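Undergrad: no sequence for this one, just the structure:
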C-alpha cells in the first residue's frame, strides 16, 4: 500500500487548512460527538474526493490541530463526517463548537481500505467503541455497492450500552437481511437484551469462516491486540487481517516523526495496514 | 579541471563579494553558543576558533521555532493568511562535511511524498560552502559513517586548509560561478591539500563498526533487557536529538491573542515522554522505548526507508550529553542475534 492520491490538496502549501463549516452535531454517547460538515469554498467542496479509511487534520484555530478519520462514506457525498471523543485539548474545544462554527480542515491523508482486494470476499468487521468510525465509512461503502461483496458480518462492542456509538447505524444494519449484525457490551444493564462479553470473545463465538474472507478490525489497542489471535485461530492469515491505526500526529504527512511503528509512519504508510505489515513491531510498539 | 585557491587574509573580501548576491551565514558565537548567523561583513575570527557549531546548520532550514501561517477571526469567519514566499538567496559558509551530509539526509524526508514548503523554500535557495576540518574532536567518528573531514560530496564548494591559503574544490556548477575570479591552484597546492586531508583523516581516531547494524538492531528490537541497560543513565533531556544534525522531528502549536493567531512549529524530540502521548495511552511511555526509538530510527528505520544511516558521526550527541551517554558504545554493544531464530 502506498501514499494515496494527493491531487486534491497537493498544490501549494500542504500545511494550510481550508475552512469548513459544521452543519450538524450528533450526540453519540456522553463523550462522543459526530460532526457533519462541508468545506466553505464551493469549488473545493465540489472537487473534494476521498476514500474510506483516509483521515484528515482538523483544527480549532487558536487551540490546535488533531487527526481524525473521515467517518462518512464517499458513496454519500452530500457532506462529510468525523467523530470525536472528548479526551484532550483539541477534542474538548471541538465539543464546545456549535452548528455554524468554522473549523480548519486539511487532507485527505493516508491510504485507504483496499476495495479491489475486498471485492467478492466475505467481510468480517470487528469494532470497539469509537473504533467503529473508520469501519463505518467502509461498511456504508460496501452496503451501497452490496452486489460486489459477499457475506457481511459485523461484531461491534462497547463497555456499556450507553457507550455504543452510531446506534442509528447499528439499528439499520440489524434490520438489513444481508448483514449479520452482532452487538455486545462488556457490562449490560437492566434493559440490555443483547450479548455480554468483550469483542474478541464474542468474535470467537460468531466464528466467521476465514475462507475467501477478510477481517477489518478497529478499536482500542487492547481490543486489537486480543482480536488478532482469535482471527488466527479461526484460520485467517496475517494478510487477511486489516486494521487502521491511531497515533499521536502533528503533520499528517510523514515529516514530524512521532507516529512511527518501526520504519512505518502511520500517517504516510497507513493508517490502513494488514497484520502482516505490522506484526514484527506490534508486540512492543502497539 | 583545476581547483581554485584563496588566501586566508582575502576570505573577508570574498565573503563581502558573495554578500552582494546572497545573505551570507557563517559560524558565530554572538548568541552565546556557536551557530550559523548572518555574517556581519567584518569578523572572520571564526577561522581560528571554529571546530564545529553547537547548533547544526539544519537550523537554517528547520529553525528551532518557525511561523507557518497566521489567521484572524472576523465577522465573516476565519481568514487564513499564508506567509510570504521565501525568495532570499542564501549562502552558508564553513559547513563541515558531516553537517553537509546530514543536510542531504534530512532533505530526503522533506522531499519525500509531500514536499515541505517551509524547509524546501529555504533549502532550494541556499548554497553550501564547505570547510574541511583540520582539528577534529575526540568525539568525531565521521570516517566510520560514510563521510570524512574533507569530504566534498554534499556541498557546492569545498575549502581545504593548506596553510596560509584554502584550496577550493568546485563541486557543483552553482559553486563554480562563485569562484570565477579566483586564481587556479598549483600542483604544489594540490599536494599540500592531499597532505592536509590525510592528516585530518588520521586525526579522526574514534571508529565505529556499523557493518550489519540494521539487521543486528532488527534482531534485537525485542531485547528489553539490552534496551533498559542502554537507557539506564539517560535523563530524557533531548539534547542529543535537538542538536543532532539529522534529527528533524517537530511539534505544531497554535497561539491566539484576541482575534489574531499564529500556527508555528518547533523542534521536538522522541526523547520526551509527551512526544507520543495520546489521551488514553502512550506507546513510548517507558524511557527504554524512547531510547530504542532514537537509536533504531537512525541506524535501522532510516536505512530501511532511504537506504542511508541517519548519523554522520559529527559527535555532537557524544560531546553534549550531560551524563556521557555514548552512541558509539551503544552501537558496538548491540547483541548479534541475527543468526538466532526470533
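TA: Perfect, I can see it now. None of the values given here were measured: they were computed from a predicted structure.
Undergrad: I figured residue B:145 hits residue B:210, correct?
TA: Yes. Residue B:145 lies in contact with residue B:210 (C-beta atoms under 8 Å); the separation is 7.2 Å. (Glycine included, C-beta is placed from N, CA and C.)
Undergrad: Spit out the residues that contact the two alike.
TA: residue B:309 (C-beta atoms under 8 Å, 6 or more residues apart in numbering or on different chains).
Undergrad: for residue A:61, what are its contacts?
TA: A:17, A:102-104, B:71, B:73, B:78, B:254, B:256, B:261, B:263.
Undergrad: before we move on, what about residue A:254?
TA: Here residue A:254 is in contact with A:3, A:265, A:267-269, B:109, B:112-114 (C-beta under 8 Å, 6+ apart).
Undergrad: Tell me the one of those residues nearest residue A:160?
TA: Comparing the contacts of residue A:254 against residue A:160 with C-beta to C-beta places residue A:267 closest, at 32.1 Å.
Undergrad: which element follows the helix or strand harbouring that closest one toward the C-terminus?
TA: For residue A:267, the host element (DSSP states H and E) is helix A:266-269. Next helix or strand after helix A:266-269 toward the C-terminus (DSSP H and E): strand A:272-274.
Undergrad: Now do that following strand: which elements does it pack against?
TA: The contact analysis (3 or more C-beta pairs under 8 Å, 6 or more residues apart in numbering or on different chains; DSSP states H and E) places strand A:272-274 against strand A:241-244.
Undergrad: After the strand it packs on, which helix or strand is next?
TA: strand A:260-261.
Undergrad: Check whether that following strand comes near chain B.
TA: Yes. Strand A:260-261 comes into contact with chain B (C-beta under 8 Å from any C-beta of the partner chain), by way of A:260-261.
Undergrad: per-domain residue ranges of the chain.
TA: Using chain A. Domains of chain A are assigned by automatic domain parsing as A:7-109, A:115-244.
Undergrad: that's the wrong chain, I wanted chain B
TA: Domains of chain B are assigned by automatic domain parsing as B:4-66+B:75-203, B:213-333.
Undergrad: Figure out which of those is closest to residue A:78.
TA: domain B:4-66+B:75-203 (21.5 Å).
Undergrad: end-to-end on that closest one?
TA: One end of domain B:4-66+B:75-203 to the other measures 25 Å (C-alpha to C-alpha, to the nearest Å).
Undergrad: Same question for stretch B:153-161.
TA: 17 Å.
Undergrad: So what's the gap between it and the chain middle?
TA: Here the centre of stretch B:153-161 is set off from its chain's centre by 15 Å, with C-alpha atoms, centre = their mean, to the nearest Å.
Undergrad: Ok, stretch B:215-233 next?
TA: Relative to its chain's centre, stretch B:215-233 lies at 26 Å (C-alpha atoms, centre = their mean).
Undergrad: Equivalent analysis for stretch A:18-38, please.
TA: Stretch A:18-38 sits 15 Å away from the centroid of its parent chain (C-alpha atoms, centre = their mean).
Undergrad: Then stretch A:263-278?
TA: 14 Å.
Undergrad: who does the strand ranked longest in chain A pair up with?
TA: Among all segments of chain A classified by DSSP state E, the strand with the greatest residue count is strand A:18-29. Its sheet considered, strand A:18-29 pairs with strand A:32-39 (antiparallel), strand A:102-109 (antiparallel) by DSSP bridges.
Undergrad: So for the first one, mean pLDDT?
TA: Predicted confidence along strand A:32-39 averages 98 (mean pLDDT).
Undergrad: Please list the residues outside that strand that contact it.
TA: Residues contacting strand A:32-39 (C-beta under 8 Å, 6+ apart): A:18-28, A:45, A:48, A:71-72, A:79-86, A:94-95, A:97, A:103, A:105, A:130, A:165-166.
Undergrad: Just the buried ones from the residues you listed?
TA: A:18-22, A:25, A:28, A:48, A:71-72, A:79-86, A:94-95, A:97, A:103, A:105, A:130, A:165-166 (16 or more other C-beta atoms under 10 Å in any protein chain shown).
Undergrad: quick one, strands of the stretch 51-200 of chain A?
TA: A:55-60, A:64-69, A:80-85, A:102-109, A:122-128, A:152-158, A:179-185, A:195-196 (DSSP state E, counting those that start in this stretch).
Undergrad: Residue B:168 against residue B:157, yeah?
TA: Yes. Between residue B:168 and residue B:157 there is a contact under C-beta under 8 Å: 5.8 Å.
Undergrad: Between these two, which contacts overlap?
TA: In contact with both residue B:168 and residue B:157: residue B:179, using C-beta under 8 Å, 6+ apart.
Undergrad: pretty sure residue A:217 belongs to a strand, no?
TA: Yes. Counting by DSSP: H, G, I helix; E, B strand; the rest coil, residue A:217 is found in a strand.
Undergrad: Look at it and say how many residues are nearby.
TA: Using other C-beta atoms under 10 Å in any protein chain shown, residue A:217 has 26 neighbouring residues.
Undergrad: next one: the one 5 residues further on
TA: Summarising burial for residue A:222: neighbours were counted as other C-beta under 10 Å, giving 13.
Undergrad: host element of it?
TA: Here residue A:222 sits within helix A:221-233, counting by DSSP H and E.
Undergrad: That helix and chain B, are they touching?
TA: Yes. Contact of helix A:221-233 with chain B (C-beta under 8 Å from any C-beta) involves residue A:221.
Undergrad: Could you check the angle that helix makes with strand A:152-158?
TA: If you take axes from the mean of the first three to the mean of the last three C-alpha atoms, to 10 degrees, helix A:221-233 sits at 150 degrees to strand A:152-158.
Undergrad: Flag every buried residue along helix A:221-233.
TA: So, applying 16+ other C-beta under 10 Å, buried residues of helix A:221-233: A:221, A:223-224, A:227-228, A:230-231.
Undergrad: so who does residue 169 touch?
TA: No chain specified, so I'll use chain A. By C-beta under 8 Å, 6+ apart, the neighbours of residue A:169 are A:132, A:136, A:139-140.
Undergrad: not what I meant, chain B
TA: By C-beta under 8 Å, 6+ apart, residue B:169 lies in contact with B:3, B:152, B:157-160.
Undergrad: Tell me how far the residue nearest the centre of chain A lies from residue B:307.
TA: Here the mean C-alpha position of chain A is nearest to the C-alpha of residue A:134 (C-alpha atoms, centre = their mean), at a distance of 1.5 Å. Distance from residue A:134 to residue B:307, counting by C-beta to C-beta, to the nearest Å: 32 Å.
Undergrad: picking that back up, which ones among the contacts of residue B:169 lie within strands?
TA: Short answer: the contacts of residue B:169 in strands (DSSP E) are B:157-160.
Undergrad: which residue does the stretch 51-200 of chain B bring closest to chain A?
TA: As assessed by C-beta to the nearest C-beta, chain A sits closest to residue B:114 within the stretch 51-200 of chain B, at 4.1 Å.
Undergrad: How about the residue in the stretch 101-250 of chain B positioned nearest to chain A, nearest residue that isn't a chain neighbour?
TA: Distances between the stretch 101-250 of chain B and chain A by C-beta to the nearest C-beta are smallest at residue B:249, namely 3.5 Å. Counting by C-beta to C-beta, 6 or more residues apart in numbering or on different chains, residue B:249 lies nearest to residue A:257, which is 3.5 Å off, once chain neighbours are set aside.
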